[in-house]
Every structure is written in structure tokens, then in C-alpha cells.
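Novice: sequence-free structure coming up:
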């Protein structure tokens, strides 16, 4: 039931840079490219933007990134700050933007993230920085890393649900096939199940092609209280632990709890969702989230995939840009790219990738080791 | 705090729940009085991974190595190293050993697999 007393939150514009290798370009260069494109697309003037939310950048640690960015972009917002929630940051910025618009604090908000994570630092540095989401006394000193945390999680989940490595590999192949159609995707060469299985082991059961790449890139969106092509009609979060060792139950990480809150806010059921934008830092992340969110029974995500349900032409298209696994992962912008793609598909602006009209998209992102969860429900306004 | 034995865990003085990750309050009952206890080290392996891509040069020299999560009989979960033969579901016993210059947990199989 829409409350007429509160403004609503619409996504007016969304843009990504190309993801991949951007030799010589800084985090600010990339963020500015995406922001300028989104602003131009929105048709708004710089003076119209009264809110700026930006994600952290590991290659540009800064005490007040939103102010730095605002100055560089020629903006003077009434409200601006950075946010840090790991991979959930992008979705969380959209959730906060909706809250600020509904509260009347802002009218038009720029949401932005990006960094030169691939070319701006050594791969070891990226891996060590990310590993710090682990417990500093009992986990990190063991020579652990984010792939190792997710590999441990995968081993426990596979033991409990009889999920097999082949199914994980099939999701990597699906993401790659979707990325092949996106000119901005980092990895576009087709891969086979056999190639995923035979790729070098990173932390068993996860092999190289079960892991997302490290990319350079940026994404930006403009949200406003003025009517637009896509409305954010629900959102929810859940936070049950920070560290893997403190996870109470691999079958109840918090994903379903966040999603239930978002669906309740939108007054919708799982069955009403007809597009999925699900965080996929690793193949296991994607499968666990799909099953916990209720889009496949436990151990059943592979069956739905093989039936074609998650294909661009299927009933429940999944990450039609290729996800983190193939579109690329440039930190907060990695997760934000899922929102950009969901917006493009709902708004009918996906060009050659355009799928049949869709009404409701679920965006779900996690940060840490399935630690911070954010769900969003986006609604296409053009379809009655 | 950081010089604790790797099997040291905390127990809530009010409800008795044990915690491994050094919290400031008991998430079961909310009380803040927690005291240190040495865990027995007995537990069951609930997760296992052989790490091939190590995070730095020092660990690279030791790769591949096996990491496990073990649910101790005190109902807390701790991470440690294990031999390659250790599998999920196995009963193990943890002890402190020096690996890569740090005092870490090593879990050994208690029964033949």
C-alpha cells in the first residue's frame, strides 16, 4: 500500500565504465567517468544533486571520499558520506538513498563506486587487504584468505546438501555466456564446464574459474523522488556474524532474513520476482544465495539452471551482465553493477541484451563471508 | 589478549555459553562477565579446504596446506591446520603448534578414518 505522504524513490539513470584493465587510470578517474555518464543520462544539472553516497576504494583510502568526489565532480550536496559494508555496500547505498528520499532529507542522490583494484596495486596486496574481513587472532594468521573462507564454507555446504562441483562449474559457465553479450564485461571468452573443473585449484573445492576476477571499473546511479522508469519499492538487511567461525548455520546466513524484510516492505511474495541480480563473488556464493533466498530448493539450483530457468530467455533471468564472475569485480562497483543491469533490463534500456519485459527484480548482495546482507526490490514502472 | 593460547575460549559466567572469538558480551543472554577457560581441543571437523593460492610469500613456501573448521565439544568453532587426510565429520584433537612463526592450532585425527 503506497503511502502518499512519503516521497518514493526512483532510479533515474545508471552507468558503468568498461570493467577489466584500465592501465594508468586512478580510482577517481574511473568514478568520475561513471558519474558523469549517469548525470548526463539523468538530464539533471549538477546543482540539482543534493545527496552523494559513495563506496570505499581499497586503492584510495580516504577519510571523506564523498567530499573529495563531490569537489572533483563540481557538486555541493546537502548530505554526503562514504560507506563500508564490503560487497553489500552498493545495495546498501541504494537502500540508504531510498530512506533519505522518503524522509525528505534529499531529493536527488548520486550513488557512486569504483576503483583501479586490478592495476592500482599488486594482486597479493588485494588478497591481503580482503583477508582482513577474517578474525585477526584466530583466522587470518592461519594463512587464510577470502577464497579460503568461501572454500571452507563451500565444503560445509556441499557436505550438508550434496551439492557437487559440476553444478558450481555450470554457474561459472552461465555467467560467462551472459558476459559475452556485454561490451563492458571483463571476461567474455566462452568457457566450458570441463575448463572450470580443470582450472588450477585456489582453495579446494574452489578453482580459479569458480572465483571472480579482480577488475578496474566504476558504476554510478542517480536516484530521485521524481517519477522515473524504475522504483525501489522494498529493502531489507540482516547481519548475523562478521567471521566465518562465528557463522551459526550455513543454511541460515541471514540472506533469507534480509530478503523477507524487503519482500514485506514491498508487499510481494517470492513468486512475484521475475528477474534476479544475485551477488556472485564465487560460484558457491551464487548457489548458496539462490537456495537460501528460496529460488531453488536446497541442492536444487543446478536443476533449475539445467532447465534453462536462469538464462536470459528463461523465466527468471540471472545476472544478465555476467555478474562478478565474468562482468568483473572492482570492489563496491562490482556489486553496484548488478543494480545497474537490473535497472537497464527493467527500464527497457539493455540494448542488444534486452530481455522480455520484467516487473520485479530482486537484488541481493553480501559482504564479508556472507556476513552483511542487503536485499532490494526494484519495480518497473512502465508496465501496468 | 593476543598472547592467549589458541585453545583459550571464554565462557559466560551467567549462562555458561562458550565463545571463541573474544566477544565483549554474551550473545545468548547479554551479560558481559566472561571468563577464560582452556578448551579440551576435542571436536568434529565441519569444513575443510586445501589452500593452493597462499596470501603471501611465506605461506606460499608452505602451500598447499589444509585448513579446517572444527566444532569443539564446548560448542564453539575454531579454525586450524590439519593433515591432508583429515575429512569432514572426523573426530579430531587440537593442540598448539608453531607454523610459519606463529602459535596456531593443529587438529589431528583421533580415530582412523
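Specialist: Right, received. Where do you want to start? Note that the structure is a prediction, hence the values are computed from the model and not measured.
Novice: quick check, central residue of the chain?
Specialist: Assuming you mean chain A. Nearest residue to the geometric centre of chain A (C-alpha atoms, centre = their mean): residue A:335, 2.3 Å.
Novice: wrong one, I was asking about chain B
Specialist: Most central in chain B (C-alpha atoms, centre = their mean) works out to residue B:78, at 2.7 Å.
Novice: is whatever helix or strand that residue lives in in proximity to chain A?
Specialist: Assigned by DSSP states H and E, residue B:78 belongs to strand B:77-82. Yes: using C-beta under 8 Å from any C-beta of the partner chain, strand B:77-82 reaches chain A at B:77-81. All C-beta atoms are positioned from the backbone trio N, CA, C, and that covers glycine.
Novice: which other residues reach the helix or strand bottoming out on mean pLDDT in chain A?
Specialist: Lowest by mean pLDDT, DSSP states H and E among the helices and strands of chain A is helix A:123-131, with a mean of 87. Helix A:123-131 has contacts (C-beta atoms under 8 Å, 6 or more residues apart in numbering or on different chains) with A:58, A:117, A:121, A:140, A:144-146, A:214, B:53, B:55-56.
Novice: all strands of chain B, in order?
Specialist: Ranges of strands in chain B, per DSSP state E, are B:8-12, B:18-19, B:34-38, B:42-51, B:65-72, B:77-82, B:91-99, B:102-109.
Novice: sheet partners, orientation included, of the third one?
Specialist: On the basis of DSSP bridges, the sheet neighbours of strand B:34-38 come out as strand B:8-12 (antiparallel).
Novice: tell me the mean pLDDT for the partner strand?
Specialist: Strand B:8-12 shows a mean pLDDT of 97.
Novice: ok, the spatially closest residue to residue A:104 that is not a sequence neighbour to residue A:83 distance?
Specialist: Excluding its sequence neighbours, the residue lying closest to residue A:104 (C-beta to C-beta, 6 or more residues apart in numbering or on different chains) is residue A:7, at 6.3 Å. Going from residue A:7 to residue A:83 by C-beta to C-beta, to the nearest Å gives 21 Å.
Novice: tell me where the model's unsure across chain B.
Specialist: For chain B, applying pLDDT under 70 flags the ranges B:1-2, B:111-113.
Novice: can you pull the residues of it lying near chain A?
Specialist: Contact residues (C-beta under 8 Å from any C-beta) of chain B with chain A: B:1-2, B:4, B:6, B:20-22, B:46-56, B:59, B:62, B:64-65, B:67-69, B:77-81, B:88-89, B:99-100, B:102, B:104.
Novice: for chain B, what are the nearby residues on the stretch 201-350 of chain A?
Specialist: Listed as neighbours of chain B in the stretch 201-350 of chain A under the rule C-beta under 8 Å from any C-beta: A:201-206, A:243-247.
Novice: go again with 6 Å.
Specialist: Selection of the stretch 201-350 of chain A residues close to chain B by C-beta under 6 Å from any C-beta of the partner chain yields A:201-204, A:243, A:245-246.
Novice: secondary structure and pLDDT added to the residues you listed, as TSV?
Specialist: Shown next, in TSV, are those (DSSP: H, G, I helix; E, B strand; the rest coil; pLDDT from 0 to 100):
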residue	secondary structure	pLDDT
A:201	strand	98
A:202	strand	98
A:203	strand	98
A:204	coil	98
A:243	coil	97
A:245	helix	96
A:246	helix	96
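Novice: which two in these are spaced the farthest apart?
Specialist: A:201 and A:246 (26.7 Å; C-beta to C-beta).
Novice: for residue A:238, phi and psi?
Specialist: Note on residue A:238: its backbone torsions stand at phi -150, psi 140 [degrees, to the nearest 10].
Novice: how about it, what does it touch?
Specialist: Contacts of residue A:238 were listed using C-beta atoms under 6 Å, 6 or more residues apart in numbering or on different chains, and they are A:254, A:257-258, A:373.
Novice: 8 Å - rerun?
Specialist: Contacts of residue A:238 (C-beta under 8 Å, 6+ apart): A:254-255, A:257-258, A:261, A:373.
Novice: mind listing the residues bridging to it?
Specialist: Listed by DSSP bridges, the beta-bridge partners for residue A:238 are residue A:373.
Novice: quick check: residues of the stretch 1-150 of chain A near chain B?
Specialist: For the stretch 1-150 of chain A, the contact set with chain B under C-beta under 8 Å from any C-beta comprises A:124, A:127-128, A:131, A:135, A:137-139, A:141-145, A:147-148.
Novice: residues near residue A:181, how many?
Specialist: Counted with other C-beta atoms under 10 Å in any protein chain shown, residues neighbouring residue A:181 total 16.
Novice: again with residue A:47
Specialist: 10.
Novice: OK, contacts around it?
Specialist: Contacts of residue A:47 by C-beta under 8 Å, 6+ apart are residue A:76.
Novice: quick check: it is in a helix.
Specialist: Yes: counting by DSSP: H, G, I helix; E, B strand; the rest coil, residue A:47 is part of a helix.
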